[in-house]
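> the following comprises the amino acid sequence and a computationally predicted model.
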Amino acid sequence: MNPLAVVNVEHIELTPFLVALIYDEKGKQIDDIAVPHESVEASLVKVAEVMIEHRLYPMDVYTSTAELYVEALKHEGFNVSYRVKSDTSETRRLLESSEEMFREFYEIELEVPMPKWRAWVISRLNKLIQIIEGRYSK
């Protein structure tokens, strides 16, 4: 069995993170990566660095991120396979297990969706303000 990397771009709110789990030939997890995602190319370079560091060559790569899949096809040493989200769910679990730390370290605010009634009231108040100021036209 070839070494395996399960690699995805996961999000906390709107902030993307490269998340990768690295397994050796025996199927034992030997490393993981969870860093802010800068670009697809930079993400694959990070995975390749870990691959070289652990002397894992060539490496099977499972991903459910289309951009990573397309770019990994261009790189030597990656036997890439596009998988459904459920096959690569461990990347999401890894990010969720440290989500609070990432929120604090990268200052990611929790986004609370606005209720529909509040958006409706705000739009009506904005129209009322425009009428009062004489800028509203139907």
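Happy to help now that I have it.
> only C-alpha atoms for contact and neighbour calcs from this point on.
Noted.
> quick one: the helices in this structure?
40-53, 66-72, 89-97, 99-105, 116-133 (DSSP state H).
> distance to residue 12 and mean pLDDT added to these, as TSV?
Formatted as TSV, the helices of the chain follow (distance: least, C-alpha to C-alpha, whole Å; pLDDT from 0 to 100):
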stretch	distance to residue 12	mean pLDDT
helix 40-53	17	91
helix 66-72	18	94
helix 89-97	8	95
helix 99-105	7	90
helix 116-133	23	89
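> pipe those helices into a markdown table and attach mean neighbour count and distance to residue 8 per row.
Below are the helices of the chain laid out as a markdown table (neighbours: other C-alpha atoms under 10 Å; distance: least, C-alpha to C-alpha, whole Å):
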| stretch | mean neighbour count | distance to residue 8 |
| --- | --- | --- |
| helix 40-53 | 16 | 9 |
| helix 66-72 | 17 | 7 |
| helix 89-97 | 17 | 7 |
| helix 99-105 | 13 | 16 |
| helix 116-133 | 12 | 33 |
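> ok, residue 22 to residue 7 distance?
9 Å (C-alpha to C-alpha, to the nearest Å).
> neighbour-wise, which of those two wins?
residue 7 (28 against 24; other C-alpha atoms under 10 Å).
> give me the pLDDT for the closest residue to that one other than its chain neighbours.
Of all residues not flanking residue 7 in the chain, residue 20 sits nearest, at 4.3 Å (C-alpha to C-alpha, 6 or more residues apart in numbering). On the pLDDT scale, residue 20 is placed at 96.
> so who does residue 20 touch?
Contacts for residue 20 (C-alpha atoms under 8 Å, 6 or more residues apart in numbering) come out as 5-8, 32-34, 47, 91.
> many thanks, we can stop here.
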